[in-house]
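K.L.:
just need the structure, nothing else, for what follows:
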Amino acid sequence: MAFKSFGDLLHKPLMVDLTIEEDSRLKVIYGSGAGFHAIDLDTSAVYDIYIPTHISSGILPHAIITLPNSKGMDLLLCYEDEGVYVNTYGKVIKDIVLQWGEMPTSVAYIGTGQIMGWGQKAIEIRSVETGHLDGVFMHKRAQRLKFLCERNDKVFFASTRSGSSSQVYFMTLNKIQW
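P.N.:
I've put the predicted structure just below:
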């Protein structure tokens, strides 16, 4: 079994994902405090995909989403309170910046072709292709929510309160018709 190690990366990975381009090329995509980067596993080349130049103090990456029907080539990179559409070589592919209503604590792609962003006061549901807002669920009180998983048309997420008990919630997807 082949094993590759990349211990000397310039930027420390905070989140990691894998894409398979056109069913043949493996790339590790990772988010750091500086932006998003790729490692081509065939050539071992490491390069930047997207570095936000309008944020000087570093970023918090939330999600790396491979867009459906793109053969693993197109991505939505979510960080801070926004997202950008790029290909795996770093070229911006859509002149759209997804803008969340508030800074999400967690972002996830769900099987309905949408992305969900969990904020302190609301859960936003957006189209993964356009970034347009499809719906909002308001919280009764401010809380920090984190995506857990999606199974059998349900999305599971949890409240994450330091020093006290947490609670697990779920939302049924077939009821989300906008």
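K.L.:
quick one: what helix or strand has the residue nearest to the spatial centre of the chain in it?
P.N.:
Nearest to the mean C-alpha position of the chain, counting by CA atoms, centre = their mean, stands A63 at 1.5 Å. In the assignment (DSSP states H and E), A63 maps to strand 61-66.
K.L.:
what strands line up against the next helix or strand after that strand, and which way round?
P.N.:
Using DSSP H and E, the helix or strand that follows strand 61-66 in sequence is strand 74-79. Strands that pair with strand 74-79, judged by DSSP bridges, come out as strand 61-66 (antiparallel), strand 82-87 (antiparallel).
K.L.:
looking at these, which is nearest to R161?
P.N.:
Of all the strands paired with strand 74-79, it is strand 61-66 that lies closest to R161, at 19.7 Å by CB to CB. In this view, the C-beta of every residue, glycine as well, is placed from N, C-alpha and C.
K.L.:
what does the average pLDDT come to for that closest one?
P.N.:
For strand 61-66, mean pLDDT is 96.
K.L.:
what sits up against that strand?
P.N.:
Contacts with strand 61-66, where a contact means CB atoms under 8 Å, 6 or more residues apart in numbering, come from 14-17, 19, 29-32, 36, 72, 74-80, 83, 104, 106-109, 115, 117, 128.
K.L.:
repeat for stretch 99-119
P.N.:
The contact list for stretch 99-119 (CB under 8 Å, 6+ apart) reads 62-63, 65, 68, 76, 78, 80-83, 120-129, 131, 133-134, 136, 144-147, 150, 153, 155, 157, 160, 173, 176.
K.L.:
show me what G135 is bridged to.
P.N.:
I125.
K.L.:
distance of it relative to I115?
P.N.:
Distance of G135 to I115, computed by CB to CB, to the nearest Å: 12 Å.
K.L.:
between the two, which one's more packed in?
P.N.:
With neighbours defined as other CB atoms under 10 Å, G135 and I115 compare such that I115 has more, 26 against 14.
K.L.:
what strands flank the helix or strand hosting that one, and is each parallel or antiparallel?
P.N.:
I115 is part of strand 114-118, with elements assigned from DSSP H and E. Sheet pairing here is set by DSSP bridges, and for strand 114-118 it gives strand 106-110 (antiparallel), strand 122-127 (antiparallel).
K.L.:
gap between the first one and the chain center?
P.N.:
When C-alpha coordinates are averaged (CA atoms, centre = their mean, to the nearest Å), strand 106-110 and its chain have centres 6 Å apart.
K.L.:
many thanks, have a good one.
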